[in-house]
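Student: Sequence first, then the predicted structure, then my questions.
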Amino acid sequence: MAKPTFLCTKGERNAEKGNGIDELLERYVRLFASRFVWSGLPEGCPPDFIERQLFFCGGVSAKDVRGLGVCVMGAAPCALTVYATPARWLPAGIVGSMNTTSTSLSLWKESDTPVLWDGEPMCDRIMPYLEIQRKALNALGCNLIGLTNPVMIECVPGAELNGKIIKNNLGAGDVFIPIIDRSALNANVLDLHATDHTANLLGVIHDMDGEILDIMGIRSALEKASGISTAEASASEMQISQLMKLELRKREEWVERLNSALGTEITVRLGEGWQYDAPGNDADTEDENDEVDG
């Protein structure tokens, strides 16, 4: 008799847990999706769905599906223009769909509606840095284990130690101290020479986090404040500002074309708390000139 599909071996269960990338990736997906606020989406479409599809698929569009109405979905190009943008596209990144034949046929047909196209998905862009971050986290965990177990006992495995455990409540932190009968077994304590590398590993993790956020146009909260000149800070702000302007303009142009094609009323704007202009912009200069003239 064949094994039921819902029964998994220990190896299969461990394989399903993955290598830790998914847990790290979800944080950046949330940050990426928070950059822009979408309104007027079709009924049932989550407000961050468009940004999530861009993150994983690199393109997103919408079309009128028979039985479901206008649906937003990831887009994979099946024909390109001379500018390497999608001329026609097929659905991508769909997790579930209706099982009726009419709906599924309409859903999976190619379409020529406008596509919001990023080219390479953001997921693929940040993956090299995410891999280094994951390896640094794994190494950090191993280093912490080594620091918590800096010694080991050399003796005969399986021998009776004739020992006991005493407990000491130091500052409400229970400390357990093993006591071994000296006459029971000749045991030696070996120093593992554990070295503290946590500072270096945390530096790698923070650097990779800063690189990933910089690619997404987000200012890192862990950015070093000391040792950075005013010119360097202004250049960083200007870089983020220009990137956000470009991303917003691209989304606004796509929304205008899509609304014209499907008769929808989708809108997009910058998310709350996002700074649009860099310090020292023209508006600030004009205000200073007005004060001087006055």
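Tutor: Good, I have the coordinates.
Student: Flag the shaky bits of the protein, pLDDT-wise.
Tutor: Residue ranges of the chain with pLDDT under 70: 1-19, 96-104, 153-175, 177-187, 221-236, 274-294.
Student: What is the subsequent helix or strand relative to the longest helix seen in it?
Tutor: Scanning the chain for the longest helix, with DSSP state H as the assignment, gives helix 230-262. The C-terminal neighbour of helix 230-262 among helices and strands, as given by DSSP states H and E, is strand 267-270.
Student: Against which helices or strands is that following strand packed?
Tutor: Here strand 267-270 touches strand 36-39, helix 230-262, going by 3 or more Cβ pairs under 8 Å, 6 or more residues apart in numbering; DSSP states H and E. For the C-beta atoms, the positions are set from N, CA and C on the backbone; glycine is no exception.
Student: Show the contacting residues for Cys57.
Tutor: Remark: with contacts taken as Cβ atoms under 8 Å, 6 or more residues apart in numbering, Cys57 is in contact with Gly74, Ala75, Ala76, Ala92, Gly93, Pro121.
Student: 6 Å instead?
Tutor: Residues in contact with Cys57, defined by Cβ atoms under 6 Å, 6 or more residues apart in numbering, are Gly74, Ala92, Gly93, Pro121.
Student: In strands, which of the residues you listed appear?
Tutor: When DSSP state E is applied, those are split such that Gly74, Ala92 fall in strands.
Student: Could you identify which of the contacts of Cys57 has the most neighbours?
Tutor: Using other Cβ atoms under 10 Å as the neighbour definition, those reach their maximum at Gly74, which records 24 neighbours.
Student: Isn't that one up against Gly93?
Tutor: Yes - using Cβ atoms under 6 Å, Gly74 and Gly93 qualify as a contacting pair, with a distance of 3.4 Å.
Student: which residues are common contacts for these two?
Tutor: When Cβ under 6 Å, 6+ apart defines a contact, the residues bordering Gly74 and Gly93 alike are Gln53, Cys57.
Student: Is Arg88 bridged to anything, and to what?
Tutor: In this structure, Arg88 has beta-bridge partners Ala79, where bridges are defined by DSSP bridges.
Student: show me the contacts for it.
Tutor: Arg88 makes contact with Cys78, Ala79, Glu110, Asp112 under the criterion Cβ under 6 Å, 6+ apart.
Student: Could you do Ile215 as well?
Tutor: Arg125, Ile126.
Student: And Gly69, its phi and psi?
Tutor: Backbone dihedrals for Gly69, given as degrees, to the nearest 10, come out at phi 80, psi -160.
Student: Not counting sequence-adjacent ones, nearest residue to it?
Tutor: Nearest non-adjacent residue to Gly69, counting by Cβ to Cβ, 6 or more residues apart in numbering: Pro42, 6.3 Å away.
Student: hang on, that neighbour packs against Met73?
Tutor: No - at 10.6 Å, Pro42 does not count as touching Met73 under the criterion of Cβ under 6 Å.
Student: Have a look at those two and say which one is more surrounded.
Tutor: Neighbour tally, Pro42 and Met73, criterion other Cβ under 10 Å: the higher count belongs to Met73, 25 against 17.
Student: I'd like to know how far that one sits from Cys45.
Tutor: Distance, Met73 to Cys45, using Cβ to Cβ, to the nearest Å: 10 Å.
Student: for the stretch 101-250 of the chain, what spans make up the strands?
Tutor: Along the stretch 101-250 of the chain, the segments classed as strands by DSSP state E, counting those that start in this stretch run 116-117, 151-154, 163-170, 173-180, 188-191.
Student: Partner strands of the last one and their direction?
Tutor: For strand 188-191, the paired strands and their directions (DSSP bridges) read strand 151-154 (antiparallel).
Student: I am finished for the moment; much appreciated.
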